[in-house]
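1. Got a predicted structure here, sequence first:
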Amino acid sequence: MACDEPVMKAIRYKLHFATLTVAAVVFLLAKDLALPYWISNFNFFHYGLMGALHATCIVVSLRDRKVARPIIAACFITLATVWSAATPILGLWGSIFWAPFDDFLRRNQLGTLAMFLTGSAIGASGYWLLVRQFWLKSLRRADWLRTVALCLVATSLSAVALDVLHPSIDILSPIITIAWWFAFSISLYWSEMSGCANKSTEVIETLP
């Protein structure tokens, strides 16, 4: 049994990565936008925009347009936006995990990176659950671990690269976000390809 892309994959990945590239440009252009102080003294706008743009890219690239009914798509994008906006706070709270290593992190100036990694893992986990609940119900625990691992690697590499390059403009958040986006999407593609291969193997094994 061949792995037939139109049947086996829920997301059209060529379209998805194309729209994700456009979303990256939009996010870079929007990096200087901010809500008025009286509305919010925390950068909820950009963190929410992170989730809204990626979620929109997933909805646009779904293969079965019947499942992406407007109300369902709107709920998914809204929940992704809220989760993304809340992730920095959850990451800050989750940083208590690093308390036993506080001295080491302080000596090596790794406290900020640890907080980024915590937020990355929490954000990836919650968003993965949303994607699974709405669109990719075949995702398994191993797929979740893969997604979190890839997002952590993307966050680490982009943060370290920016620290080495010492950028003269404030592009830290956009670069890390875009790297995280592509890592998350690659993990979905990897999961769907693995699932496709597993189904093909199961069919072959059941043949007489």
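-> Sure, I can see it. Residues are numbered from 1 along each chain as shown.

2. Measure how buried residue 103 is and give me the count.
-> The number of residues packed around residue 103, counting by other Cβ atoms under 10 Å, is 8. Every residue, glycine included, has its C-beta placed from N, CA and C.

3. Over to the nearest residue to residue 63 once chain neighbours are set aside: give its phi and psi.
-> In this structure, residue 63 finds its nearest non-sequential neighbour in residue 12, 5.4 Å apart by Cβ to Cβ, 6 or more residues apart in numbering. In this entry, residue 12 is assigned phi and psi values of phi -80, psi 100 (degrees, to the nearest 10).

4. how about residue 12, what does it touch?
-> Remark: with contacts taken as Cβ atoms under 8 Å, 6 or more residues apart in numbering, residue 12 is in contact with 61, 62, 63.

5. where do the helices sit along this protein?
-> According to DSSP state H, the chain carries its helices in the segments 5-8, 13-29, 44-60, 70-94, 102-107, 111-134, 141-165, 172-206.

6. Could you identify which of those helices has the lowest mean pLDDT?
-> Out of those, the stretch the model trusts least by mean pLDDT is helix 5-8, with a mean of 48.

7. Can you tell me what sits against stretch 132-149?
-> Applying Cβ under 8 Å, 6+ apart, the set of residues contacting stretch 132-149 is 10-11, 58, 62, 67, 72, 75-76, 121, 124-125, 128, 131, 184, 187-188, 190-192, 194-195.

8. Any chance of a PyMOL selection covering the buried ones in the residues you listed?
-> The PyMOL selection below is limited to those of these classed as buried (16 or more other Cβ atoms under 10 Å):
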select buried, resi 10+11+58+62+76+121+124+125+128+131+184+187+188+191+192+195
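
9. quick revisit: how much space separates the residue nearest to residue 63 from residue 60?
-> Separation of residue 12 from residue 60 (Cβ to Cβ, to the nearest Å): 9 Å.

10. now swap in residue 81 and tell me
-> Counting by Cβ to Cβ, the separation of residue 81 from residue 60 is 15 Å.

11. The two - which one has more neighbours?
-> Between residue 81 and residue 60, counted using other Cβ under 10 Å, the more crowded position is residue 81 (21 against 18).

12. what residues are up against the more buried one?
-> 48, 49, 51, 52, 55.

13. Just give me the neighbour total for the first one.
-> Applying other Cβ under 10 Å, we find 20 other residues in the vicinity of residue 48.

14. In this structure it contacts residue 84, no?
-> Yes - at 5.7 Å, residue 48 and residue 84 qualify as touching, with contact defined as Cβ atoms under 8 Å.
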